[in-house]
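Engineer: This is the structure alone, sequence omitted:
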């Protein structure tokens, strides 16, 4: 479980983009592109350094009532952090 004070933000060399052809959000890295599935792009989009993990979870829970965001989002963010994609 990530630190409750952590305010995730994209790593400096990365960009979040939407590909209208694929209808998908993309995480653009220096030498590759990761296609984000489902609502992952919305989660990454909230990683702007102003919200804590709890704030991101709360905002997504409000957008998607009944979705298991509290159980899934913190571990998703932790995996992105382990990959070096968010700081």
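Structural biologist: Sure, I can see it. Being a predicted model, the structure only gives us computed values, none of them experimental. Numbering: from 1, shown residues only.
Engineer: who's in contact with the residue positioned nearest the centre of the chain?
Structural biologist: With distances taken as CA atoms, centre = their mean, residue 44 lies nearest the centre of the chain, 2.3 Å away. Contacts here follow CB atoms under 8 Å, 6 or more residues apart in numbering; on that basis residue 44 touches 10, 16, 25, 27, 36, 80, 86. C-beta: built from backbone N, CA, C; applies to glycine.
Engineer: Relative to the whole chain's centre, how far out is the helix or strand it falls within?
Structural biologist: Assessed by DSSP states H and E, residue 44 sits inside helix 40-45. Relative to the chain's own centre, helix 40-45 is displaced by 4 Å; criterion: CA atoms, centre = their mean, to the nearest Å.
Engineer: Enumerate every residue touching residue 69.
Structural biologist: Residue 69 makes contacts with 57, 60, 61, as judged by CB under 8 Å, 6+ apart.
Engineer: Could you single out the nearest of the residues you listed to residue 70?
Structural biologist: Using CB to CB, residue 57 is the member of these that lies nearest residue 70, at 5.4 Å.
Engineer: Please report how far that closest one lies from residue 8.
Structural biologist: Residue 57 sits 11 Å away from residue 8, going by CB to CB, to the nearest Å.
Engineer: If you count neighbours, what's buried in stretch 8-26?
Structural biologist: Going by neighbour count (16 or more other CB atoms under 10 Å), the buried part of stretch 8-26 is 8, 10, 11, 14, 16, 25, 26.
Engineer: top helix in the chain by residue count?
Structural biologist: helix 69-83 (DSSP state H).
Engineer: picking that back up, can you lay out the contacts of residue 69 as JSON lines showing neighbour count?
Structural biologist: Formatted as JSON lines, the contacts of residue 69 follow (neighbours: other CB atoms under 10 Å):
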{"residue": "57", "neighbour count": "20"}
{"residue": "60", "neighbour count": "18"}
{"residue": "61", "neighbour count": "15"}
